[in-house]
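Student: no sequence on this one, just coordinates:
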């Protein structure tokens, strides 16, 4: 432990390079801004998760299974009437498929794929933010911790503490610096959980939409005797 003050004193003397002195001066500033940044990112991630949860719930088709059965039976007009005023990928895709039924099953299949590709980005909105935050928030917290540790050892070298005072000074500085890492993890974990939950929900909606589209195409193929 007695070597730390010596090493840090050497880092701050005039023999160090210009760039080293400049970078050391920057890192010796307060790392509290990292905590504020993480706090803002945490608030944004919570807002995104709530907004996406509301969007998914308001654009959900609750009776998708029963509608799929009715589509397979050929009750296209009845299903279209039931979808009146409904929002979401499932409703939009089925409506377009029914409206295009006269063009044949192959054309309807292409229209369904195009409709899914058009509607899907609305569900993926802001999800990349959650994924990025979940991957990088721990590194932001680690950056704050590194800054805090650098400052703690620099302060130790400047005070010239000896004996047990060295351990007390270093441990206090490191414990404060580690808060940034803990906050980074606290921000990242909910973001990852929210991202995974939204991704699973989107996969479920996409699968149900594809199933409804296949029901329409299957009925059209059966009605045309298997011919395109």
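Tutor: Done, it's in. Everything numeric here is computed off the predicted structure, so don't read it as measured data.
Student: next one: stretch 71-84 to chain centre, how far?
Tutor: Distance, stretch centre to chain centre, for stretch 71-84: 36 Å (CA atoms, centre = their mean, to the nearest Å).
Student: contacting residues around it?
Tutor: Stretch 71-84 is contacted by residues 61, 63, 67, 70, 91, 94-95, 98-99, 101, 212, 215-216, 218-219, 223 when judged by CB atoms under 8 Å, 6 or more residues apart in numbering. Where C-beta positions appear, they are placed from N, C-alpha and C, glycine not excepted.
Student: what ranges do the helices span in this protein?
Tutor: Taking DSSP state H, the helices of the chain run over residues 3-11, 18-27, 32-58, 64-73, 76-82, 89-99, 105-124, 127-159, 164-223.
Student: Return the most buried member of those.
Tutor: Sort these by mean neighbour count, taking mean count of other CB atoms under 10 Å, and helix 89-99 sits at the top with a mean of 22.
Student: Touching, residue 112 and residue 95? I think so.
Tutor: No - counting by CB atoms under 8 Å, residue 112 does not reach residue 95; the two are 10.9 Å apart.
Student: so what's the residue nearest in space to the middle of the chain up against?
Tutor: Central residue of the chain (CA atoms, centre = their mean): residue 130, 1.7 Å from the mean position. Each residue near residue 130 by CB under 8 Å, 6+ apart is listed here: 45, 48-49, 191-192, 194-195, 198.
Student: Show me which of those is closest to residue 106.
Tutor: Nearest to residue 106 out of these is residue 198 (CB to CB; 33.3 Å).
Student: And the pLDDT for that closest one?
Tutor: Note on residue 198: pLDDT of 96.
Student: now what about stretch 134-150, what contacts it?
Tutor: Taking CB under 8 Å, 6+ apart as the rule, stretch 134-150 contacts 24, 27-29, 31, 34-35, 37-38, 41, 173-174, 176-185, 187-189, 191-192, 195.
Student: Next: stretch 47-61.
Tutor: By CB under 8 Å, 6+ apart, the residues outside stretch 47-61 that reach it are 67, 83, 86-91, 122-123, 125-127, 129-130, 190, 194, 198, 201-202, 205, 208.
Student: Ok, stretch 206-223 next?
Tutor: Contact with stretch 206-223 is made by 61, 64, 67-69, 71-74, 76, 89-90, 93-94, 97-98, 101, 104-105, 108-109, 112, 116, 119-120, 227, as judged by CB under 8 Å, 6+ apart.
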